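[1] Sequence first, then the predicted structure, then my questions.
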Amino acid sequence: MSQFRALVGVLRGGRAGGSQWLRACGGAPARRWVDPRRGCSSGAAPVLSTVAGSSSYMEEMYIAWLEDHKNVHESWDAFFSNIHASRPPGEAGERRPSALLEGRVLSHSANMAQKVVEDHLAVHTLIRAYQIRGHHVAQLDPLGILDADLDHFVPSDLITTIDKLGFYGLDESDLDRSFQLPSTTFIGGEDTTLPLREIIRRLEASYCGHIGIEFMFINNVDQCQWIRQKFETPGILQFTKLEKRTLLARLIRSTRFEDFLARKWSSEKRFGLEGCEVLIPALKSMIDTSSSAGIDSVIMGMPHRGRLNVLANVIRKELDQIFCQFDPKLEASDEGSGDVKYHLGMYHERINRETDKNIALSLMANPSHLEAVDPVVQGKAKAEQFYRGDTQGKKVMSILIHGDAAFAGQGVVYETFHLSELPSYTTHGTIHVVVNNQIGFTTDPRMARSSPYPTDVARVVNAPIFHVNADDPEAVMYVCRVAAEWRATFNKDVVIDLVCYRRFGHNEMDEPMFTQPLMYKQIRRQEHVLKKYSDRLIAEGVVTLQEYEEEVAKYDKICEEAYASSKDEKILQIRHWLDSPWPDFFTAEGEPKSMSSVPTGLKEEVLQHIGQTASSVPLDDFKIHPGVSRILRSRADLVKNRQMDWALGEYMAFGSLLKDGIHVRLSGQDVERGTFSHRHHVLHDQEVDKRICVPMNHLWADQAPYTVCNSSLSEYGVLGFELGFAMASPNALILWEAQFGDFNNTAQCIIDQFISPGQAKWVRNNGIVLLLPHGMEGMGPEHSSARPERFLQMSNDDPDHFPEFSGDFEVQQLYDCNWIVVNCSTPANYCHVLRRQILLPFRKPLIIFSPKSLLRHPDARSSFEDLAEGTKFKRLIPDVGPASQNPSQVKRVIFCAGKVYYELARERKQQKLEKEIAIIRLEQISPFPFDLVRTEAEKYRNAELVWCQEEHKNMGYYDYARPRLLTVTANRRPVWYVGRDPAAAPATGNKFTHFNELKRFMDTAFNLNAFTGKDL
């Protein structure tokens, strides 16, 4: 293309440029004619500018051409052929070169060269147009009634009719002219020139058939060339007989499985795959190709449509285990509440038949909340890669299956894509498969998205998008193979848009004719893809009708035998559907190996060593910021005095776990420094760009690695990712910190659907830790409350029942709960609860309402004694002051949690009420420490009981704590409320109002007559 552009300049500028182009073949002045067969000693294309610069050179080329057209380069051949084609009939026999050159060539040379250049440029532009926009006219809809891009407009630069050649300055007479092909196309195969007619035909075959490709937005030339070669090379979409037979067998299994379910349970919802049966061979093809490339573990996520088929024919779940799920008399085990069959996951290791290699397949369980599982899958894949040292994603990969409406409509898709290339989050390429039903429940795609395709979100990360007609199984298989090869080659995301249809409604009980009558009239006439493909292969002689029928009968028999076997199943074992097993962590029966609590204290030398590392820079010649230097000196002073603040307490927890080989990963917005500039786990050299130091990774020679990573500005996606990361191994402490606690509400789906009920639904232990900065400090309604009331409302302990345990009360209570909710008031207790999270014999999610002002509060410090050997987490911190020494004289006991304790203690001291009022801190809110609270309530028998909180009455802990306090006292003693009044917003935005509210409830808390004569 550059040669032609230069030639235009030569023609416009006269002969002056000719001498430059005569040197184009190697830098030195070119000989007039080195090799008539090539026209250039370097092998480059000959330079047509010599038309204007050297008639004798052109005469030599012309003589060589007359002898044999192959003596000259293709472009000279085309040039002279065009001149001959334009001669008057009387000159047909003329062969005298001088007359021709002088009479016609020289007189027309400049104009003809200009025309040749313009026509070649036009053809190159035409080729590029098909590469960019060919997908708009591809035959993608199996039903033939919709345009996949929702637009009937045909791009004017695509030659869909002969008259459109005029767009390029060409006409029908040019169709048989040959043109030089640019290096940016592979349609020629081994030919470097093609007639225009053949160029258009091959472009239409490559870009406008059953495959449409979007890739020209990718800003990497090598990647674009790779894709062009995969789809433009002539004859590349060829399959062997064996490959076709394998595809047919897989299509039979996919189709007959759905048919079997429809026959046996015609009135059951199962979200079948009818209309996109090709998904099963598609997934298997991706797995085959990836296995050949070295992948031995695939983590998958998908919605409910087709899940049972994937479980049966891709993961290879036993069919009887699937069929028994349809039995309404099947008793549930006592392992949890369970979930519907089309939400369940599975983990299975098997041999890949095509490659004869081991492969582990995991299909993640997920809720009906479409796309919510996307970041969870990515997190688990990243964790497996991390633990296996798979830094390039050559062993572990992820596949995500989406619906068209959800892929376009759900924001978490965008959040997940934006994690794909971040260093601490990349999984080195994910294959996305969009099952494009061309409808979302009852909503037409024209009402469901503004973008042409449902897949356009993928363009933001330069992921190629392959649209394919799902009724062409071979086209689908080829696209899947290319997608897997792309991922293996470039370690980047790729999207397959599987354009199909949904043969029934949203589920089998739904009537789609209500809202899509014309579409479903066509669907009812639509021949099944298995019938189409089997007829084709029988006609080609690839299989016989008898072989086909035998294969169908063989799979039908397998289903019938499994159905008979399924009737023997009497109890549903949810553990059989576990997607993330930890075989070495639990017993063979899936139970904890012990049920006793373990001390979480540390040796003095460990505390000292961690403290010294936390207050120093372990690298030489590393220039830190003066402000950070002051922070480190302050830490050193604390360590010297055997004390710790919040940041040091966290250091002690993380460092000690790393010493024991426990990987620690802290993720979230600005966590490296900390939102409140207290952590500084990553030090930055002030003089060398991008030079950093993570002191936590310099604690011990053989320690586990510590990962601390600032995340993208996402909560939904990142929390889901960390949840998935925590699924991979129980021997890791995975923490997600919100920038402010209330930001967790944009990740509410992950909390509500995965973290809170995950074990009950899917028997899935998970030890993820949420750090949610919380506290009423006058920062306004958005930066105050982490909404503890929401977490407590979802806690499963019974407020009206006092639990009785024969063993370790604390551990048994933790084992029975769905998650643990704490608000620690001391650095030592914070350290203890983090260490307890790992030392427990099981895993539960841990919700920590972490402090803001307490990070630097002079009273919120702990002694090393509080972390000494033999110490442990305090679920409740009793009053140890004067009130505890004479409990019978105490008139009021204030129960509280978190920061408000320090305000209460200060006010009590100012009013000199240490003997009359006891203040008790609940550090573990849920599960409620019934046993410890009862001890305290019995100790202060004569005192009135008060719950005090800084949150508003309809928020915070009150509604959770009050009924449990009443249960402890058998409803014999009232529980009074002290705190802010009910409100709609979590906090005021006015500082004066904030402090006025605080003063008001402090006055009530220490007014011993405040509740006299009042009724609850």
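    It's in.

[2] ranges for the helices of the stretch 601-750 of the chain?
    For the stretch 601-750 of the chain, the helices identified by DSSP state H, counting those that start in this stretch occupy 604-614, 626-640, 646-659, 716-727, 748-750, in order along the chain.

[3] Also the stretch 201-350 of the chain?
    Counting by DSSP H, counting those that start in this stretch, one finds helices in the stretch 201-350 of the chain at the ranges 221-232, 241-264, 279-292, 307-310, 319-323.

[4] Compare those helices and give me the one nearest residue 771.
    Counting by C-beta to C-beta, residue 771 lies closest to helix 307-310 out of those; the figure is 33.8 Å. To be clear about C-beta, it is placed using only N, CA and C from the backbone, and glycine gets the same treatment.

[5] Pull the residues that contact the closest one.
    Residues lying outside helix 307-310 but in contact with it, judged by C-beta atoms under 8 Å, 6 or more residues apart in numbering, are 254, 257-258, 261, 270-273, 279-280, 283, 300, 302, 322, 341-344, 363, 401.

[6] mind running it again at 7 Å?
    Applying C-beta atoms under 7 Å, 6 or more residues apart in numbering, the set of residues contacting helix 307-310 from outside is 254, 257-258, 270-271, 273, 280, 283, 302, 322, 341-342, 363.

[7] Just the buried ones among these, please.
    Of the members of those, the ones counted as buried by neighbours, 16 or more other C-beta atoms under 10 Å, are 254, 257-258, 270-271, 273, 280, 283, 302, 322, 341-342, 363.

[8] So, low pLDDT: which residues of the stretch 101-250 of the chain?
    In the predicted model of the stretch 101-250 of the chain, residues 101-110 satisfy pLDDT under 70.

[9] among the helices of the stretch 601-750 of the chain, which is the most enclosed?
    Mean neighbour counts were taken over those using mean count of other C-beta atoms under 10 Å, and the top value, a mean of 29, falls to helix 716-727.

[10] and that helix, how far out from the chain's middle?
    Centroid displacement of helix 716-727 relative to its chain, using C-alpha atoms, centre = their mean, to the nearest Å, is 9 Å.

[11] same thing with stretch 840-857?
    Its chain's average C-alpha position is 27 Å from that of stretch 840-857, according to C-alpha atoms, centre = their mean.

[12] what's the answer for stretch 381-396, then?
    Between the mean C-alpha point of stretch 381-396 and the mean C-alpha point of its chain there is a distance of 15 Å (C-alpha atoms, centre = their mean).

[13] Just give me the neighbour total for the closest residue to residue 980 other than its chain neighbours.
    In space, not counting the residues next to it along the chain, residue 980 is nearest to residue 952; the distance is 4.5 Å by C-beta to C-beta, 6 or more residues apart in numbering. Other residues lying near residue 952 total 22 when counted by other C-beta atoms under 10 Å.

[14] How about the contacts made by residue 952?
    980, 981, 982, 983.

[15] Just the buried residues of those.
    Buried members of these, scored by 16+ other C-beta under 10 Å, are residue 980.

[16] for the contacts of residue 952, which one is nearest residue 234?
    Proximity of these to residue 234 (C-beta to C-beta) peaks at residue 983, which lies at 71.9 Å.

[17] Not counting residues beside it along the chain, what's closest to that closest one?
    Counting by C-beta to C-beta, 6+ apart, residue 983 lies nearest to residue 952, which is 4.4 Å off, once chain neighbours are set aside.

[18] and the buried ones among the contacts of helix 307-310, which two are the farthest apart?
    Largest separation among the buried ones among the contacts of helix 307-310 by C-beta to C-beta: 283 and 341, giving 19.2 Å.

[19] Quick check on the residue nearest to residue 980: phi, psi?
    In this entry, residue 952 is assigned phi and psi values of phi -70, psi 160 (degrees, to the nearest 10).

[20] repeat for the one 4 residues further on
    For residue 956, the backbone dihedrals are phi 70, psi -140 (criterion: degrees, to the nearest 10).

[21] what about it, how many neighbours?
    Other residues near residue 956 come to 27 when the count uses other C-beta under 10 Å.

[22] Leaving out chain neighbours, which residue sits closest to it?
    The spatially closest residue to residue 956, leaving aside those adjacent along the chain, is residue 949, at 4.4 Å (C-beta to C-beta, 6+ apart).

[23] quick one: low-confidence ranges for the stretch 901-1016 of the chain?
    By pLDDT under 70, the low-scoring segments of the stretch 901-1016 of the chain are 1016.

[24] At which residues are the helices of it located?
    Counting by DSSP H, counting those that start in this stretch, one finds helices in the stretch 901-1016 of the chain at the ranges 930-939, 958-968, 991-1005.

[25] Make TSV out of the ones you listed and add distance to residue 429 and mean neighbour count.
    As requested, the helices of the stretch 901-1016 of the chain are arranged in TSV below (distance: least, C-beta to C-beta, whole Å; neighbours: other C-beta atoms under 10 Å):
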stretch	distance to residue 429	mean neighbour count
helix 930-939	50	18
helix 958-968	45	20
helix 991-1005	50	16
